[in-house]
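Chemist: need a 3D model of the sequence below.
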Amino acid sequence: MNFFKTYQTECWFLAIPLFILIILRLLGFDGLVGQDSYEYLRYTEKIKDFYLTGIHPGDFFWPKGYSLVAGVLAVVIPTNIAIQLISLISLLGTFLFTNAIIKLLYKKQKYTLPYLLISLLLSPYLLRSGIVSMSDTLSIFCLTGSFYYGLVYRGEFTFKAIFFCILLGVYSVFTRYAAIIPVAIIFIVVSYYWIKNIRLTHLLVLIIPLILIPIHFFFESRPTDFVQHEWITTWDIFNFYKREFTTVDGIMHYTFPNAVYAFFAFFHPGFFFLGGGLIFLTLKKVKTIITADWIILLSGVVFYSVFLMGIPFQNNRFLLLTYPLILALIYPGFDWLINRFLPFKRWFFGVFIIFQLGFFARAIQVSFQLCLLEKNIVSQLTHFQNQTLYSFDIDVAIEGRGLEFNYKNLWVEEYKYFEKGALVLFNEEKLKFQWEGKNPMVNWNNLKENYQLTNIKQLDGGWKLYRIGE
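Modeler: Numbering: from 1, shown residues only. As a prediction, the model looks like this:
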């Protein structure tokens, strides 16, 4: 009871995302949307079985950290709820770590809680990430915590600080490989201060990577495949200025070049609509706020942003990783703004919350509609089970929601022969531009030109179910 009295405001703030999650679940949104979330669901189910039976879960291309944690929770509650709860809990933990970082950085910290409610808990993209069943927020939580304990270690040199800095940093990478860029920054800082104040007992933290690295090798038969990821092999400084890319994921057109996109988290309304203004206000006070800790945070953000500038792909999800560090950097601008208009602060807070909720409604709309679409298509296909099904994009959702088909993915290979009497589920309007010249459209054009296709059912969202003629 004393805990809730002491941290009453924090508890009320943390309850808001939980309330939003409950409302969305009542409306039919269960956090499963897009291919990645279904893959995490599948592998977490395998991990749960491994915990209970010892049966090896098999290979999984993405990092294992998210599923290993969610699998523990899935032992006692349904797996689809477990993975969504891990995302939400990670968001709430990120709020607490970011608050702690701001308190380390600045003497003036009166408005940190309303600031983080508005800019972090109600950040449209970050809140969406916290209620979708994917690994982003767990990695964000671990990274933010690693930076917090790394900054604490600079001043205290305690074993607890370096232990949690290394543990959370390594696990952040174990959850999303891209986290290795900012994690490397805080590890370099911690290593410098360890060398400066050598304490041999602190070397015991090396046990952490010595445990987690073998776990990675245990769960993956090809443990070094991730270094051949297209992000790494095609990283190029010339990508900084491009906004059109052709990759294994098709042809992608973007509005802004990578050099602009990589810094969206500072000013894009999908993160915080006041971000750009707060940067300006913070820079007005830059001489009074720059400290070694502030520069360390900035370095983590900048080096990660440069990495994103060089990959041939854009996704606002990737920008979330260092977003809490950005919020810590620009807090002085918010503090100045509220103090400047102190008599109107309650009105300001109310308006800011309304704006953030409005932007969140827009951000979650696509995911919400896609989730309902996938559920509707699954219900429409129930009576067609136990046949061969050729498809792409939607097939992962159909399989993830439990329908039994002999699945043939149109992206995996260019088929020379298609089974007569089999089903084809395809959405030409959705896929024809992005996948022009790639396997999905090559296979579809082959089917149209060389096989008799009968449209047997028109599904929601432009998807059509065909039968290949005998």
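
Chemist: can you pull the buried residues of the helix or strand harbouring residue 381?
Modeler: Per DSSP states H and E, residue 381 falls inside helix 345-381. By neighbour count on 16 or more other C-beta atoms under 10 Å, the buried set for helix 345-381 is 348-349, 352, 355-357, 359-360, 363-364, 367-368, 370-375, 377-378, 381. C-betas here are computed from N, CA, C, even on glycine.

Chemist: check stretch 236-246 too.
Modeler: Buried residues in stretch 236-246 (16+ other C-beta under 10 Å): 239, 243, 245.

Chemist: again, but for stretch 398-417
Modeler: 398, 399, 400, 401, 403, 405, 408, 409, 410, 411.

Chemist: looking at those residues, which one is closest to residue 43?
Modeler: residue 400 (10.8 Å; C-beta to C-beta).

Chemist: residue nearest the centroid of the chain?
Modeler: Central residue of the chain (C-alpha atoms, centre = their mean): residue 136, 2.5 Å from the mean position.

Chemist: residue contacts, it?
Modeler: Contacts for residue 136 were tallied using C-beta atoms under 8 Å, 6 or more residues apart in numbering; they are 87, 129, 176, 317, 320, 321.

Chemist: which stretches of this structure form strands?
Modeler: Taking DSSP state E as the test, the strands found in the chain are 244-247, 250-253, 388-391, 406-409, 423-426, 453-458, 464-468.

Chemist: with the buried residues of stretch 398-417 in mind, which one is nearest to residue 26?
Modeler: Using C-beta to C-beta, the buried residues of stretch 398-417 come closest to residue 26 at residue 401, 19.0 Å.

Chemist: ok, and the closest non-adjacent residue to the closest one?
Modeler: Excluding its sequence neighbours, the residue lying closest to residue 401 (C-beta to C-beta, 6 or more residues apart in numbering) is residue 378, at 4.6 Å.

Chemist: that neighbour and residue 183, how far apart?
Modeler: Separation of residue 378 from residue 183 (C-beta to C-beta, to the nearest Å): 38 Å.

Chemist: the closest residue to residue 45 other than its chain neighbours: what's it in contact with?
Modeler: Leaving aside its chain neighbours, residue 45 sits nearest to residue 79 (5.0 Å; criterion: C-beta to C-beta, 6+ apart). Shown in contact with residue 79 (C-beta under 8 Å, 6+ apart): 41, 44, 45, 48, 70.

Chemist: do I have it right that the first one meets residue 83?
Modeler: Yes: at 6.2 Å, residue 41 counts as touching residue 83 under the criterion of C-beta atoms under 8 Å.

Chemist: what average pLDDT does stretch 399-413 get?
Modeler: The pLDDT scores in stretch 399-413 average 93.

Chemist: list the contacts of it.
Modeler: For stretch 399-413, using C-beta under 8 Å, 6+ apart, the contacting residues are 32, 37-39, 41-42, 374-375, 378, 381-382, 384-392, 395, 398, 415, 419, 422-423, 426, 438-440, 443-444.

Chemist: which among the contacts of residue 79 count as buried?
Modeler: Buried subset of these (neighbour count, 16+ other C-beta under 10 Å): 41, 44, 45, 48, 70.

Chemist: now, which of those residues lie within helices?
Modeler: Judged by DSSP state H, the subset of the buried ones among the contacts of residue 79 located in helices is 41, 44, 45, 48, 70.

Chemist: and the gap between the first one and residue 133?
Modeler: The span separating residue 41 from residue 133 equals 6 Å under the rule C-beta to C-beta.

Chemist: name the residues contacting each of those two.
Modeler: 32, 80, 83.

Chemist: just give the nearest non-adjacent residue to the first one, would you?
Modeler: Sequence neighbours aside, residue 133 is the residue nearest to residue 32 in space, at 5.6 Å (criterion: C-beta to C-beta, 6+ apart).

Chemist: residues near the closest residue in space to residue 113 that isn't next to it in sequence, how many?
Modeler: Using C-beta to C-beta, 6+ apart and skipping residues adjacent in sequence, the residue nearest residue 113 is residue 9, 5.6 Å away. Around residue 9 sit 11 other residues, with neighbours defined as other C-beta atoms under 10 Å.

Chemist: so residue 9 touches residue 112, yeah?
Modeler: No: counting by C-beta under 8 Å, residue 9 stays clear of residue 112, with 10.5 Å between them.

Chemist: low-scoring pLDDT stretches of the stretch 101-250 of the chain, where are they?
Modeler: 221-230 (pLDDT under 70).

Chemist: same thing with the stretch 251-400 of the chain?
Modeler: Looking at the stretch 251-400 of the chain by pLDDT under 70, you get an empty list.

Chemist: repeat that with 90
Modeler: 251-252, 276, 280, 282-290, 313, 338-349 (pLDDT under 90).

Chemist: now for the closest residue to residue 98 other than its chain neighbours: which residues touch it?
Modeler: Distance criterion C-beta to C-beta, 6+ apart; nearest residue to residue 98, sequence neighbours excluded, is residue 324 at 4.3 Å. When contacts are counted by C-beta under 8 Å, 6+ apart, residue 324 touches 94, 97, 98, 101, 120, 140, 144.

Chemist: please repeat the previous calculation with a cut-off of 7 Å.
Modeler: 94, 98, 120, 140, 144 (C-beta atoms under 7 Å, 6 or more residues apart in numbering).

Chemist: so the second one touches residue 327, yeah?
Modeler: Yes: the pair residue 98 and residue 327 passes the contact test of C-beta atoms under 7 Å, sitting 5.9 Å apart.

Chemist: identify the contacts common to those two.
Modeler: 116, 120.

Chemist: TSV for the buried ones among the contacts of residue 79, including distance to residue 433 and pLDDT?
Modeler: Shown next, in TSV, are the buried ones among the contacts of residue 79 (distance: C-beta to C-beta, whole Å; pLDDT from 0 to 100):
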residue	distance to residue 433	pLDDT
41	29	94
44	33	96
45	34	95
48	39	96
70	35	96
